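Visitor: okay, sequence plus prediction incoming.
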Amino acid sequence: TQLLEQSPQFLSIQEGENLTVYCNSSSVFSSLQWYRQEPGEGPVLLVTVVTGGEVKKLKRLTFQFGDARKDSSLHITAAQPGDTGLYLCAGEDDYKLSFGAGTTVTVRA
Amino acid sequence: NAGVMQNPRHLVRRRGQEARLRCSPMKGHSHVYWYRQLPEEGLKFMVYLQKENIIDESGMPKERFSAEFPKEGPSILRIQQVVRGDSAAYFCASSRPPNYGYTFGSGTRLTVV
């Protein structure tokens, strides 16, 4: 059973445009994490959100966590080709991460 | 991903052979986790180990798969009598205690021919 649904599955935009990817969970986890994975590499942690309503910013990336702690979004402003990759959300319970299937983002120069 | 070392990066095995995947955790990390990423699917938890202890192996297939993290040396994920369905990317992650952030290795891509 897929506990975390990510949308869209694929996203292709032009350099300079904005994009948003979504992660919706059927369960409440102790925290929600966002990762970026490049081809042939492992996931790299971008951010961890814990508190409902939390907003975190990382340069051009903005992460929001819903009040009910079941949904989250990642917004990228003025995307660059270097933002290309697979974006994964993961819910954490104790030591176990449950991952969504990911959103493949392609930023065209 | 610097710090968590996985080898080999690519492994090709014929059906029926054994596959051994190694993971050296980041310095200072004593908790190791294995995940499997099948084509077109998300990463799935397999097993959580501390030194000389298996804490949770609820994600491991019941047969042919085993994992260890000895007192000395890397963690090993062992797959006996591999089948085509075992072809996947296997990732190791490590942490200090859980909830203190997880660092993933670059993975081992297993292909069974």
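Guide: Cool, the structure landed. Numbering: from 1, shown residues only, chains lettered A, B, ... in the order given.

Visitor: does residue B:11 sit in a helix or strand, and which one?
Guide: In this structure, residue B:11 sits in strand B:10-13 according to DSSP states H and E.

Visitor: in chain B, which residue is most central in space?
Guide: Most central in chain B under CA atoms, centre = their mean is residue B:34, positioned 3.8 Å from the mean C-alpha point.

Visitor: what's the closest non-adjacent residue to that one?
Guide: residue B:46 (4.4 Å; CB to CB, 6 or more residues apart in numbering or on different chains). C-beta coordinates here come from the backbone N, C-alpha and C atoms, glycine included.

Visitor: quick one: the one you found from residue B:38, how far?
Guide: Separation of residue B:46 from residue B:38 (CB to CB, to the nearest Å): 12 Å.

Visitor: higher neighbour count, these two?
Guide: Set residue B:46 next to residue B:38 and count neighbours by other CB atoms under 10 Å in any protein chain shown: residue B:46 wins out with 21 against 13.

Visitor: quick check: end-to-end length of stretch A:15-35?
Guide: By CA to CA, to the nearest Å, the extent of stretch A:15-35 from end to end equals 21 Å.

Visitor: so which residues on chain B come close to chain A?
Guide: Applying CB under 8 Å from any CB of the partner chain, we find that chain B lies next to chain A at B:1, B:4, B:31, B:33, B:35, B:40-45, B:48, B:55-56, B:91, B:93, B:95, B:98-99, B:101-107.

Visitor: list the helices and strands the helix or strand in which the residue nearest to the centre of chain B is found packs on?
Guide: Under the criterion of DSSP H and E, residue B:34 resides in strand B:31-37. Packing partners of strand B:31-37 (3 or more CB pairs under 8 Å, 6 or more residues apart in numbering or on different chains; DSSP states H and E): strand A:96-99, strand B:43-50, strand B:75-79, strand B:88-95.

Visitor: surely residue B:97 meets residue B:48?
Guide: No. Applying CB atoms under 8 Å, one finds residue B:97 not in contact with residue B:48, separated by 11.7 Å.

Visitor: find residues that contact each of these two.
Guide: residue B:31 (CB atoms under 8 Å, 6 or more residues apart in numbering or on different chains).

Visitor: can you list the low-confidence ranges for chain B?
Guide: Residues of chain B meeting the criterion pLDDT under 70: B:1-2, B:99-100.

Visitor: and the strands in chain A?
Guide: A:4-7, A:10-14, A:19-25, A:31-37, A:44-49, A:55-58, A:61-65, A:71-76, A:85-93, A:96-99, A:103-108 (DSSP state E).

Visitor: so for residue B:27, which of these sits nearest?
Guide: Nearest to residue B:27 among the strands of chain A is strand A:44-49 (17.5 Å), distances taken as CB to CB.

Visitor: other SSEs contacting the closest one?
Guide: Using 3+ CB pairs under 8 Å, 6+ apart as the contact definition, the elements that strand A:44-49 packs against are strand A:31-37, strand A:55-58, strand A:61-65.

Visitor: quick one: neighbours of the residue nearest to residue B:18 when sequence neighbours are not counted, just the number.
Guide: Nearest non-adjacent residue to residue B:18, counting by CB to CB, 6+ apart: residue B:80, 5.2 Å away. Residue B:80 has 13 neighbouring residues, counting by other CB under 10 Å.

Visitor: wait, what's in contact with residue B:80?
Guide: B:18, B:64-66.
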